[in-house]
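>>> Structural data only, the sequence is not supplied:
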């Protein structure tokens, strides 16, 4: 995590608007929370180092009751709205905590000047600062992407196709520390997700009921 300079504050807020105008107030709330915590942690270095990880730990901690049930094939637990919300939040953040997202985001930075990010920030110098701020504070923007993804999953839960998977083959599902997988290379839609919960059970979210993912 990097210290937020006073001049960077406005640029970060512009980027938040650019990333998602509809979720701006929610993202701004998280930004203000992180910023306040960073100021408080200046004299407590270890807390500053673990601050972001503590946020993720809270998200993952809420899965301590849900994941064991899902691992045993009990998907009925997701009928509880709170557990379902926690599960979608977990999937959203896991899907965006990847090197691929970081590399993809950084590779597209050269496209930003083509957009009118803000009518008062159109010259080359301001755009350069915007891009440098985005790179420096990726730790925060990666969290924002995860939060937005989770909100999108929740907003579209009645439209998306949610499919619990039971593996009846002799080949186990492969699980890992970062298990949520984008199915874009298979379905063509980057918002299609596959989550191997355990060697026997998994979960898929699709945007189109006609999509084939196997």
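Arrived safely, thanks for sending. All figures in this text were calculated on a predicted structure; none of them were measured in a lab.
>>> what about the helix or strand where residue 143 lies, average pLDDT?
Using DSSP states H and E, residue 143 sits in helix 138-155. The average pLDDT within helix 138-155 is 92.
>>> Backbone torsions only: list them for residue 202.
Note on residue 202: backbone dihedrals following degrees, to the nearest 10 are phi -150, psi -180.
>>> okay but it is in contact with residue 162, surely?
No. Residue 202 lies out of contact with residue 162 (C-beta atoms under 8 Å); the separation is 11.8 Å. To be clear about C-beta, it is placed using only N, CA and C from the backbone, and glycine gets the same treatment.
>>> who has more neighbours, the two?
Shown here are residue 202 and residue 162; by other C-beta atoms under 10 Å, residue 202 has more neighbours (20 against 16).
>>> Might you report the residue contacts of the more buried one?
Residue 202 makes contact with 164-165, 167, 173, 194-196, according to C-beta atoms under 8 Å, 6 or more residues apart in numbering.
>>> nearest residue to the most centrally placed residue in the chain other than its sequence neighbours?
Nearest to the mean C-alpha position of the chain, by C-alpha atoms, centre = their mean, lies residue 146 at 1.3 Å. By the measure of C-beta to C-beta, 6 or more residues apart in numbering, the closest residue to residue 146 outside its immediate chain neighbours is residue 93, 3.6 Å from it.
>>> what's the helix or strand for the one you found?
Going by DSSP H and E, residue 93 is in helix 81-96.
>>> which strands and helices sit next to whichever helix or strand comes after that helix?
Note on helix 81-96: by DSSP H and E, the next helix or strand toward the C-terminus is helix 99-107. Counting contacts by 3 or more C-beta pairs under 8 Å, 6 or more residues apart in numbering; DSSP states H and E, helix 99-107 is packed against helix 138-155.
>>> what's the angle from the helix it packs on to helix 81-96?
140 degrees (axes from the mean of the first three to the mean of the last three C-alpha atoms, to 10 degrees).
>>> buried residues in the helix or strand that helix 138-155 is followed by?
Under the assignment DSSP H and E, the closest C-terminal helix or strand after helix 138-155 is strand 161-166. Buried residues in strand 161-166, counted by 16 or more other C-beta atoms under 10 Å: 162, 165.
>>> in this protein, what spans have low per-residue confidence?
By pLDDT under 70, the weakly predicted segments of the chain are 41-49, 110-123, 178, 213-214.
>>> redo that, cut-off 90
Judged by pLDDT under 90, the chain has its weakly predicted residues at 1-7, 10-11, 14-15, 17-22, 30, 33-60, 94-131, 139, 172-192, 207-214.
>>> For it, just list every one of the strands.
161-166, 181-182, 193-196, 201-206 (DSSP state E).
>>> For residue 135, find the nearest of the ones you listed.
Ranking the strands of the chain by proximity to residue 135 (C-beta to C-beta) places strand 181-182 first, at 22.9 Å.
>>> name the helices or strands packed onto the closest one?
strand 193-196.
>>> Quick check: which helices or strands does the strand it packs on pack against?
Short answer (3+ C-beta pairs under 8 Å, 6+ apart): strand 193-196 packs on helix 81-96, strand 181-182, strand 201-206.
>>> Please consider this matter closed, and thank you.
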